[in-house]
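Novice: Build me a structure from this.
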Amino acid sequence: MIPGELLIDDESAVHALNPGRRTLSLVVENASDRPIQVGSHYHFAETNAGLRFDRAAAQGMRLNIASGTAVRFEPGQQRTVQLVDYAGDRQVWGFRGLVQGAL
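Specialist: Residues are numbered from 1 along each chain as shown. Below you'll find the model as predicted:
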């Protein structure tokens, strides 16, 4: 056994991220000339202005990826991402300062 290794009986078992929450798939394009990386809990509507997508649809959502991970968009790259609703008190503070309170 390796320290931190997880042994599971059912190799086909898949861990579901954020079960029961509303999700949305969006096509996102990096229209800038620099790579842009977005972390797992960043309010997606407030991401770098070089990313082109429906920001109104992304309001109150973040990437539906494992905590502590990120998605990198290379210049000119287009990809589909899955977003998930924020939970809890649904308040957003900081980031680019576009919300600063309740969603």
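Novice: only C-alpha atoms for contact and neighbour calcs from this point on.
Specialist: OK.
Novice: Please report the number of neighbouring residues for residue 49.
Specialist: 12 (other Cα atoms under 10 Å).
Novice: An error on my part: the question was meant for residue 67.
Specialist: As a measure of burial, residue 67 has 11 neighbours, counting by other Cα under 10 Å.
Novice: For it, give its distance to residue 88.
Specialist: Per Cα to Cα, to the nearest Å, residue 67 is found 16 Å from residue 88.
Novice: can you pull the buried residues of stretch 65-81?
Specialist: Within stretch 65-81, the residues that qualify as buried by neighbour count (16 or more other Cα atoms under 10 Å) are 65, 73, 74, 75, 78.
Novice: and the end-to-end length of it?
Specialist: Start to finish, the residues bounding stretch 65-81 are 9 Å apart (Cα to Cα).
Novice: Hmm, residue 64 and residue 24 touching each other?
Specialist: No: in terms of Cα atoms under 8 Å, residue 24 does not count as a neighbour of residue 64; the distance is 9.1 Å.
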